[in-house]
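I would like the atomic coordinates for the input below:
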Amino acid sequence: MMSPDAREHVRRHLFEDEGLRLKPYTDTVGKLTIGIGRNLTDVGISAMEAYDMLDHDIDKAVHALVDRYPWFPDLDPVRQAVLVNLCFNMGPASLAKFVNTLAAIERGDYVAAARGLKMSLWFRQVQASRSMRLVNMLISGDWPVTS
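This next block holds a predicted model:
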């Protein structure tokens, strides 16, 4: 085991040696790398790290939705989940282009909102299982039944 003091020294040295890069880059030997020297090519990330990243991304999507749409917190949890999924998938700026769909959600006209999603390029680009699940959730306000 390493003492907390020794670990902190190693952290500082690695930070100094590797630097901090928040976007993937190719290192000096051609390995895809991110963070403080994380070799994505050979090491990748763990499932726990992937779930941590997912939780952070969900939080970012929720904050973006709350900031842009004051009515978002008043939606039921299922319809909030639909918007979080959409925001996660396309980003808040692209989601904002769904002006009529978002207006329909705001006024509670979920059938019109679902129709707007079904007519979009997004609907044709993503997997049918995802697009239909989100449309059905939007219309029904119910969580999908899983087997």
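
and the lengthiest strand in the chain, which strands flank it?
Longest strand of the chain, by residue count under DSSP state E: strand 21-26. Partners of strand 21-26 in the sheet, by DSSP bridges, are strand 32-35 (antiparallel).

just how off-centre is the partner strand within its chain?
In this view, strand 32-35 has its centroid 20 Å away from the chain centroid, taken as CA atoms, centre = their mean, to the nearest Å.

against L20, how distant is the residue nearest in space to the middle of the chain?
For the chain, F88 is the residue whose C-alpha lies nearest the centre (CA atoms, centre = their mean; 3.3 Å). Between F88 and L20 the computed distance is 25 Å (CB to CB, to the nearest Å). For the C-beta atoms, the positions are set from N, CA and C on the backbone; glycine is no exception.

same check, this time on M2
21 Å.

now D55
21 Å.

please apply the same query to Q80.
Distance of Q80 to L20, computed by CB to CB: 33 Å.

more crowded one of those two?
Higher neighbour count among Q80 and L20: Q80, with 16 against 9, using other CB atoms under 10 Å.

what does the helix or strand containing that one rub up against?
Per DSSP states H and E, Q80 falls inside helix 77-90. With contact meaning CB atoms under 8 Å, 6 or more residues apart in numbering, helix 77-90 is reached by 57-58, 61-62, 64-65, 69, 72-73, 75, 95, 98, 105, 110, 122, 126, 130, 134, 137-138, 140-143.

repeat that with 7 Å
With CB atoms under 7 Å, 6 or more residues apart in numbering as the contact definition, helix 77-90 has outside contacts at 57-58, 61-62, 64-65, 72, 95, 105, 122, 126, 134, 137-138, 141-143.

buried among those? Make that a PyMOL selection.
Here is the PyMOL command that selects only those of the contacts of helix 77-90 that count as buried (16 or more other CB atoms under 10 Å):
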select buried, resi 61+62+64+65+72+95+105+122+126+134+137+138
